[in-house]
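Enquirer: Just need the structure, nothing else, for what follows:
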Amino acid sequence: MLRDSLRGFLDEHWRTRGQAASASPEDVAAIWRRLVGQGVAALGAEGGEGGLAEILVVMAELGRAGCPAPMWSAALANLAVSGSQIAAAVDLLERLHSGKAIVAFSFAALDPDPGAGSIQVAGLNATGVLRFVEAAASATHLLVALDQSRFALIDLGAPGVACVATRAMGASALYEIRLSAAPATLIPLGPVDAGDLRRKGKVALIARAYGAARRAFDLAVDYAKERHQFGQPIGKFQAIQHKLANGLIALEGVRLILEHTARLHDAGDDDWRYFADCASAFSGDALRRVSLETQHIFGAIGYAEEHEAPAHFKRVHLDTIALGGAADAKRRLAARLLDARGAGLPQYDLGSAGNALREQVRLWLEQNWTGSRKNAFDQRPFAKREFDASFARDIGETGWIGLGWPQQFGGQARSPLEQIAFMETMERGEAPRIGAAIQANALMMFGTPEQQQQYLPEILRGEAMHGMGYSEPQAGSDLAALRTSAIRDGGHWVINGQKIWTTTWWGKYMFLAARTDKDARPPHAGISMFIVPMDAPGITIRPSVTMYDGTFANIFYDNVRIPAENLVGEVNGGWKVLAGALAFERGLVGGGIVLKVAHAFERLRAHVIGDRSLADDPIVRNRIATLASEIEIGRLLMMHCAELAADGVTPPEYGAISKVFSAELMERFGEAALDIFGMRAALSEQMPGAIDNGRFEQNLRHSLMWVISIGTNEIQRSLIAQRALGLPR
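Expert: Below is the predicted model:
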C-alpha cells in the first residue's frame, strides 16, 4: 500500500523525469515538505509505525522517480538519536517530523571511505571538512558522527559553515561542507550500534539504487518492444532478450534480499546484519551491471542527458559505491565466515512445520545413514553413488518420497517449505537421490486411475525409478522436433527410435515422449507420452561415462511393444504432459542446485579455516564473501518459488530464473574452489591427497549438466524474456 501510494504521489508531484539533474535546493525542499505530509519523515523513529521495510520501500520509490528528497538523512537521524532525552535531539526530531527542519547526515570518520572527511569538536565548536554529503544546500541542520557513541548537531545557517556543490558522476547531487569553529551540540548515539547504523544506511542506498535500476530497466524493456531495426522490434533479437533476462534475474535477487533483510530486522532477528552485508556485496556489481546493459539496449538515444536513463545510471553508481561499497561488506562477511572458527550460513525459518520436519529428518539420518553404512557408500566411485536401492526402500517406509503428494495418492500433502526442509537436510546428510518426483507428478495430473494405482505406490515405497526419455540426436532443447515414433497396433503401441543423454537409464520404467502424428502442425501437437518398462523386448542400452563421472545412455527402441494403456494423457496430447512435468521440475531444480552449492560451500569453508594462510589471504576472503552473498540470492530465489508454489504452481519463468542463477552459481563455485586450493583441488576421488575426496573438482564437472539439462540456460533466458517481460517470440 505504501509503495502504490508513494508511486502515485511522485508521479503527480515529481512528474518531470529529468527534473533531478536540474533540481534546485528549493525544489528539493518543496518536494520534501510534500513528502512529510505523506508521513514518511518519521519512519525509523522510536514508537513510529514504520520500520526498515518501510524505509526501503520509500527509498526504492524515490530512486525510481529520480527524486533527490532527503529521505536517507531523515531516516538515519531517526534511527540514530530517536529515544534520546537530550533536548536538542528531541527538538530536532519534532521539527524534522513536522517539516520545519531538513537534516543532512554524514558518517564522517566512521564512513569506510577515507575520503569522506572528518571533524573535530573543541569545546562546542566544530572544525573540519565533510565530503559526499547529500541535500546539504536544502538542509537546515547537519547531523555528523564524531565517534562510536556521539553525534554533533550543527545549524547549517550558523557562522563558520560553508556548503560547496560537488559534481560527481556528472551530476551535482553531493556537497562538501567546510566547518570553521562552527557552533555544535553534542548528542549521544541512541540505542542503535554505529556499525548497525551504517548497515542500515547502506541497505537504504541499495534500495534507492534498486529503484533507479529497475525504472531504467523497465524503460529499456518498453523500448525493446517499440524500437525497430532490420524490420522487426529489437526485443525479438536473442541478444537483447538475454541481456534483459540477465537484468531481471539480478534485479529479482536484489529485491528479495532487501526484503528479507528488512523482514529479519523488523522481527528482531540478529541475522539481519549478515543479510544486509550480503545485499551490499551482491548488489554493488549486480545493479551496476544492469545499469550498463540498460544503456547498451538504449544505444545512442541513452547518451542524451534529456533522456531519463542517464540520471538513473548515475544514481545507481553513486549509491552502490557509497559507504565503502561492496568491498566493505565483503570484509565483514569474510570476518564472520572465516575468523574465530567462523559462523556458517544461517538457517532459514521454514515455519513451525518445516523446522520440525528438518529436525525429524536429521534425526532419522543420524540413525539410518551413518557409520559403516554411509562410509561404505562414500567409498564407492561417483557413478555408483547416484542411487542406492536399499536406502530408497528405507526412505520409502517413512512416506517422505510422497512428501508433497496429495493425500488421495498416499502422500503427506506437505507444504513447499516442508519440501525444502527435506531437500536441505538430505543434502546436508549427503544422502543419495530418491523417488521419481517429476514422473509421479505427471501421473497424478494426467494419469488414469488404473495407472495411478499401478505406478504411484511403488514409487512411494522407493521400489521403482523412472527415467525421462525426451532428448534425441536432433531434438535437445527443441523437443518438438523429436522423431521417435509410436504407432498403434491393436491393443499395443509399437515404438521405434533413439533417445540420448538419458540419465536414469537403469530405472524400472522410462517416461518416454514419442511422435504419434508425423504430419501434425505445429509439430508439438503430434506428440504423446508413454510409460515403457525397461525390460521390454527390443530395447538396447548403450551406457556412456559422462565427463562428471556419472553415466547416461543412448537407448534404441526397435519395435518395442507396450500395452495401449501405457499411454499417459491423451493421444497427441503429450506436449501438455511433458510441459507440465518440466515446469514442475524447473520449479524444484533451482532449489536443489543451490542447496548442493550451499552444502559444498560449508565443506570448502571448513578447509579454508583449517589453513590460516588461506583464511588470511585477502583474495580468498573476497572470493568466500562473494560466494556467500550469491548463495543467499540463490536460496532466496528458491524460497520465493516455494511461496509461489504455495499459491499454486510456480510460474515457468520464475522456475527458470531460479534454475539459471543456481546452475551458473554452481559453475562459479567450482571454479572458485580450484582458484583457492590450486592443484590439490584438481585431484579426483580416491586419489592420495584429494581434498574432500575430490568433491570440488567433481562438482565443477557436474555443474555443466545442470546448466544444460532440463532446457539449456539459453533457452531458459528466452523463456524469461518472453514470459516475464512480454518480449516477442
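Enquirer: Centroid-wise, who is the farthest residue in this structure?
Expert: Residue farthest from the centre of the chain, counting by C-alpha atoms, centre = their mean, is Gly490 at 51.8 Å.
Enquirer: Tell me how far it lies from Phe511.
Expert: Distance, Gly490 to Phe511, using C-beta to C-beta, to the nearest Å: 23 Å. (Each C-beta comes from the backbone N, C-alpha and C, glycine too.)
Enquirer: How about Ala207?
Expert: Remark: distance between Ala207 and Phe511 (C-beta to C-beta) = 45 Å.
Enquirer: out of the two, which sits in the more crowded spot?
Expert: Neighbours were tallied for Ala207 and for Phe511 using other C-beta atoms under 10 Å; the higher tally belongs to Ala207 (30 against 26).
Enquirer: Does the more buried one touch Met59 like I think?
Expert: Yes. If you go by C-beta atoms under 8 Å, Ala207 and Met59 touch, sitting 4.1 Å apart.
Enquirer: Provide a list of residues in contact with the residue farthest from the centre of the chain.
Expert: Gly490 makes contact with Ala564, according to C-beta atoms under 8 Å, 6 or more residues apart in numbering.
Enquirer: likewise the one 5 residues further on?
Expert: If you count contacts by C-beta under 8 Å, 6+ apart, Ile495 has them with 484-486, 512, 514, 530, 532, 538, 557, 559-562.
Enquirer: Any quick PyMOL command for the buried ones out of those residues?
Expert: To isolate the buried ones among these in PyMOL, judged by 16 or more other C-beta atoms under 10 Å, type:
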select buried, resi 484+485+486+512+514+530+532+557+560+562
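Enquirer: Closest one to Leu417 out of the contacts of Ile495, please.
Expert: Leu512 (33.3 Å; C-beta to C-beta).
Enquirer: model confidence over the helix or strand hosting the closest one, on average?
Expert: Under the criterion DSSP states H and E, the helix or strand holding Leu512 is strand 509-515. Along strand 509-515, the predicted confidence averages to a pLDDT of 96.
Enquirer: cool, stretch 33-40 as well?
Expert: Averaging pLDDT along stretch 33-40 gives 94.
Enquirer: The chain should start at 38 in everything you say after this.
Expert: With the count now opening at 38, the last piece we talked about shows up as stretch 70-77.
Enquirer: Need the contact partners of that stretch.
Expert: Here stretch 70-77 has contacts from 42-43, 46, 50, 78, 86-87, 91, 95, 106, 108, 111, 134-136, using C-beta under 8 Å, 6+ apart.
Enquirer: farthest pair in those residues?
Expert: Taking C-beta to C-beta, no two of the contacts of stretch 70-77 sit farther apart than His50 and Glu86, at 22.2 Å.
Enquirer: and these two? which has more neighbours close in?
Expert: Legend: neighbour count by other C-beta under 10 Å for His50 and Glu86, higher for His50 (14 against 9).
Enquirer: Check the gap between the more buried one and Leu72 for me.
Expert: If you measure His50 against Leu72 using C-beta to C-beta, the figure is 9 Å.
Enquirer: ok, now Gly611?
Expert: Between Gly611 and Leu72 the computed distance is 57 Å (C-beta to C-beta).
Enquirer: Same check on Ile728?
Expert: Relative to Leu72, Ile728 is positioned 55 Å away (criterion: C-beta to C-beta).
Enquirer: More neighbours: those two, which one.
Expert: Here Ile728 and Leu72 are set side by side on neighbour count (other C-beta under 10 Å), and the busier one is Leu72, at 24 against 19.
Enquirer: give me the number of residues near Arg399?
Expert: The number of residues packed around Arg399, counting by other C-beta under 10 Å, is 15.
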